[in-house]
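**Q** I would like to see how this sequence folds:
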Amino acid sequence: MKLPKRVPWASLSEVEQICSWIYADEGDIAAKVHAVNRLAAWKASTALPHSLESTLSLLTVILQDEDYSNTSSRSATLSLRQSYSLALIRLVNGLVDPLQHGVYARSIASIAAQIGLPLWLVELRHASTHEELPSLELLREGTREAMSWLLRNYFLPTISPVNQSVADRITLPPVSPLLAQYKKLLKMTNRDTSLKSQSKPELARILRDIEQWILEAKVAASMVEFDIETPNDEEDEKERWALENLCDALSTRGGLVPVSKRKRPSSLHGLKVPSSEHVALWVPLVQHVYTRYTCFPSILLSRIINRLLSSSQSSSASSAPVNDDVHAVDPTYDHTLASWALWIVDQWGDEPYAECESSEVVKELLLGLGREDNKIVRSLLVALSENDPRIRDRVHLLSTAMQPSSQFTAWEGNALDIMSERLSQLRPGSLHSGFSPSPPQDSLEDVEISTRRDTSAESSSAQSVHVRGWRLLDKNSGWKPCPIGVYNGTNF
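**A** Next up, the predicted model:
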């Protein structure tokens, strides 16, 4: 659910009218005065969105420029340059600052590139703040560019939401090159421990770049609509979306799963955690992200589970963007991911805030597995429950019951008696006490069951009906239409 927010207009037609006043005719000063007056009235009643407030500031300076057009004094020109500069500075800062999250500050240029703001407006803002004021002509050109950007990225998407394409224009750079740099550096330092001290700055830089990528992903998530109830939920969903993209990149071949099959855990001796060498390769990155995002282990575990469960489905669709062609013919891929899932539970299973308890993971696996015959998932279930007798017994019982039958067996003579006995064991008092199944007559393929109903007054004649495992109730059986879950007035 998208949360409602307070807006100054009563309907979108008012926004469309202001847009036409501003952009319909660039030389229509009277229309721009109407727009400034309307925006000023809105600002007096409620806070304006930053884009509208910037529009008001820029329009005010444009109208001042018209008044100063007949004045050639240096003081008037300087005042106009300062007004233009201040309006542009506030526009850029107001667009960029809300997206500045995290421990490490990001460059304004990188954030501006993600939201599609022209880079030269950022440079104009920098010159206006730290250097000599730009020329009046340059500031006028920057103002025209800023007004065009507001039209494309605010007014038109607001008036016609279906035409909004901001999310399509925002591109998220791939994190795979950063992971490749990290992997190469860790391999080198793990082989030669003498290089660890001199490689610390480089490792810190790569980890900082990965964290900055997460922040950029959160910026990209700002254009995604989430089903939320509170503003805090929106921030959590953005963070989760960014971390899920990181987890998907980690789960590809060459990440947590080695490229060489010989380096992957063997399935001959059951499911075990990854080798110490492989764990040492990725633990620094996982721990680094975990120190900043405590939900990271649970998200990584969830993505791995989704990947494992998707392989047991007949459909080729997958919840994680992994190379399905490679994965479909390589069962060692799933086995390696399952070993990492086991490692995550071993590391964070006892920490409640990490949400990696083995019992919850077992429940999620059982619910998602169903009757699909996935040996790797079942091996993971056994490995997760081996240290808890209570969970182990239940997993064994459910796994046995959920095993798909290899072939259909024919009906035996006492099949209905067994079914009735099982029903009486499940619930005290048999619901079918008034019916007694008849033994089979000629063959198992055509079972003849006689339905009898004894009454105190008289016994009706036996009527034979031919059914295959089901009993057809007639009007003398006492059955009558009733809600689902009710039989003869009894809930079950």
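**Q** nearest residue to the middle of the protein?
**A** Compute the mean C-alpha point of the chain, and by C-alpha atoms, centre = their mean the closest residue is residue 241, 4.6 Å away.
**Q** my guess is it contacts residue 235. True?
**A** No. Assessed by C-beta atoms under 8 Å, residue 241 is found out of contact with residue 235, at 10.8 Å. Any C-beta I mention is one placed from the backbone N, CA and C, and that applies to glycine too.
**Q** and the residue nearest to the centre of the chain, its phi and psi?
**A** Backbone torsions for residue 241, taken as degrees, to the nearest 10, come to phi -60, psi -40.
**Q** summarise which helices and strands the helix or strand containing residue 44 is packed against.
**A** Element membership for residue 44, per DSSP states H and E: helix 29-45. Applying 3 or more C-beta pairs under 8 Å, 6 or more residues apart in numbering; DSSP states H and E, we find helix 29-45 packed against helix 12-23, helix 50-67.
**Q** ok, the residue nearest to the centre of the chain to residue 220 distance?
**A** Between residue 241 and residue 220 the distance is 8 Å, computed by C-beta to C-beta, to the nearest Å.
**Q** how close does the nearest residue to residue 176 once chain neighbours are set aside sit to residue 293?
**A** Spatial nearest neighbour of residue 176, chain neighbours left out: residue 249 (5.7 Å); criterion: C-beta to C-beta, 6 or more residues apart in numbering. To residue 293, residue 249 is 15 Å away according to C-beta to C-beta.
**Q** can you check residue 186 too?
**A** Where residue 293 is concerned, residue 186 sits at a distance of 20 Å (C-beta to C-beta).
**Q** then residue 236?
**A** 11 Å.
**Q** try residue 91
**A** From residue 91 to residue 293 the distance is 32 Å (C-beta to C-beta).
**Q** okay, those two: which has more neighbours?
**A** Regarding residue 91 and residue 293, a neighbour count based on other C-beta atoms under 10 Å identifies residue 91 as having more, with 26 against 17.
**Q** what strand or helix carries that one?
**A** Element membership for residue 91 (DSSP H and E) is helix 74-96.
**Q** can you name every helix or strand that that helix contacts?
**A** Looks like helix 74-96 contacts helix 50-67, helix 108-115, helix 119-130, helix 136-150 (3+ C-beta pairs under 8 Å, 6+ apart).
**Q** what does it rub up against?
**A** By C-beta atoms under 8 Å, 6 or more residues apart in numbering, the surrounding residues in contact with helix 74-96 are 50, 53-54, 57-58, 60-61, 64-65, 68, 108, 111-112, 115, 117, 121-122, 124-125, 128-129, 133-136, 139-140, 142-143, 146.
**Q** just the buried ones from these?
**A** Of the members of the contacts of helix 74-96, the ones counted as buried by neighbours, 16 or more other C-beta atoms under 10 Å, are 50, 53-54, 57-58, 60-61, 65, 68, 108, 111-112, 115, 117, 121-122, 124-125, 128, 134, 139-140, 142-143, 146.
**Q** follow-up on the earlier one: for the residue nearest to residue 176, list the residues it contacts.
**A** Residue 249 makes contact with 174, 175, 176, 179, 255, according to C-beta under 8 Å, 6+ apart.
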